[in-house]
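Student: can't give you the sequence, but here's the structure:
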């Protein structure tokens, strides 16, 4: 099996290079990889790349993820999150390849407190969410065989993430304020990559699993709960944390105005994924602890 991966240098793309290698021959591209085009602003170039490689599977880990900047860079966000995935879908449909793609809880408006199902109507609050939803719809409407994974609060040991920021601030400050009315599940790029490989292996045998799935770690927390867990873990690991547990102040979203509105309910119901692929998703704390252990040992 030949696999063409776009977005190799991102957090998820980096982990996918590891998880996909046992499945076959992997061609992994960044935005600038010489003869083969991985630049999602060059739609014709992306189509030529797919035709030149002739993969059995296309995996798209490339995306525009700067949520606030997307409010002023609408065209760029749409090119990367909607138009380029539409090109990949058209090429997959033409050649019979599978397409694996990643989306977001931001396609929903964040109302209520019930985990969102794949069948719930999306209502994005911002440009980023609308561009990701347009990409989803283009893939589904193309008729290609696909696996679309909606996820939330993605992190990895590689690169910047919320936990690293909280650790730095916890060392420097004696008081922190962290949002407590946005609820979701921190989800590791390792988990996303491993489940993608598992699901893809299943899909090659069972074309009927083509479709949209919600994929996050188990459980839920707020950003405040996430920050508290990270700092408690660091204290127990012997790290000098200046801020005391009672000095981590919970505040509402309105305390930190941003150009793009964020959904408050980022819970995703993962029952369809777990049932279809016979999986048990671990609680979010387990992978966060592994990530913290890795970065604190450096």
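Tutor: It's in. None of the values given here were measured: they were computed from a predicted structure.

Student: Tell me, how many residues neighbour the closest residue in space to residue 273 that isn't next to it in sequence?
Tutor: Once flanking residues are discounted, residue 273 sits nearest to residue 213: 4.3 Å by C-beta to C-beta, 6 or more residues apart in numbering. Every C-beta, even on glycine, is put in place using the N, C-alpha and C of the backbone. Neighbours of residue 213 under the rule other C-beta atoms under 10 Å: 21.

Student: Just give me the neighbour total for residue 194.
Tutor: 16.

Student: excluding its backbone neighbours, what's nearest it?
Tutor: residue 19 (5.2 Å).

Student: quick one, what contacts that neighbour?
Tutor: With contact taken as C-beta atoms under 8 Å, 6 or more residues apart in numbering, residue 19 is in contact with 193-194, 196-197.

Student: Assign a three-state SS to it, would you?
Tutor: Three-state call for residue 19 (DSSP: H, G, I helix; E, B strand; the rest coil): helix.

Student: Helices along this protein, start to end?
Tutor: 11-20, 43-53, 74-78, 84-95, 127-142, 162-172, 189-205, 223-236, 271-277, 284-296 (DSSP state H).

Student: okay if I get those as TSV plus mean pLDDT?
Tutor: Putting those into TSV (pLDDT from 0 to 100) gives the following:
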stretch	mean pLDDT
helix 11-20	95
helix 43-53	94
helix 74-78	96
helix 84-95	97
helix 127-142	97
helix 162-172	92
helix 189-205	95
helix 223-236	95
helix 271-277	97
helix 284-296	92
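
Student: would you list the ones you listed in TSV and tack on distance to residue 155?
Tutor: Converted to TSV, the helices of the chain look like this (distance: least, C-beta to C-beta, whole Å):
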stretch	distance to residue 155
helix 11-20	7
helix 43-53	27
helix 74-78	21
helix 84-95	23
helix 127-142	17
helix 162-172	6
helix 189-205	7
helix 223-236	10
helix 271-277	19
helix 284-296	7
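
Student: What distance do you get for residue 62 to residue 7?
Tutor: Distance, residue 62 to residue 7, using C-beta to C-beta, to the nearest Å: 3 Å.

Student: Of those two, which one has the most company?
Tutor: Neighbours were counted for residue 62 and for residue 7 using other C-beta under 10 Å; residue 62 has more, 28 against 23.

Student: What separation is there between that one and residue 45?
Tutor: According to C-beta to C-beta, residue 62 stands 13 Å off from residue 45.

Student: Check residue 218 too.
Tutor: From residue 218 across to residue 45, the span is 40 Å (C-beta to C-beta).

Student: mind listing what residue 30 touches?
Tutor: 7-9, 13, 38.

Student: just these now: which is nearest residue 169?
Tutor: Distance to residue 169, by C-beta to C-beta, is smallest for residue 9 among the contacts of residue 30, at 26.6 Å.

Student: burial of the closest one, as a residue count?
Tutor: Counted with other C-beta under 10 Å, the neighbours of residue 9 add up to 18.

Student: which residue sits closest to it in space, ignoring its chain neighbours?
Tutor: Closest to residue 9 by C-beta to C-beta, 6+ apart is residue 30, at 4.6 Å.

Student: Just the pLDDT at that neighbour, thanks.
Tutor: We have a pLDDT of 87 for residue 30.

Student: repeat for residue 35
Tutor: Per-residue pLDDT puts residue 35 at 81.

Student: so what's the backbone phi/psi at it?
Tutor: When read as degrees, to the nearest 10, the backbone of residue 35 gives phi -60, psi -30.

Student: Against residue 262, how distant is residue 288?
Tutor: 20 Å.

Student: Same question for residue 13.
Tutor: From residue 13 to residue 262 the distance is 24 Å (C-beta to C-beta).

Student: What of residue 98?
Tutor: 32 Å.

Student: cool, residue 76 as well?
Tutor: 20 Å.

Student: higher neighbour count, the two?
Tutor: residue 262 (20 against 16).

Student: for that one, what are its contacts?
Tutor: 67, 106, 110, 125-126, 182, 253.

Student: Switch those residues over to a markdown table; also include neighbour count and pLDDT.
Tutor: What follows is the contacts of residue 262, written out as a markdown table (neighbours: other C-beta atoms under 10 Å; pLDDT from 0 to 100):
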| residue | neighbour count | pLDDT |
| --- | --- | --- |
| 67 | 19 | 95 |
| 106 | 27 | 97 |
| 110 | 24 | 94 |
| 125 | 18 | 93 |
| 126 | 20 | 97 |
| 182 | 19 | 97 |
| 253 | 17 | 94 |
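
Student: Cheers, nothing more for now.
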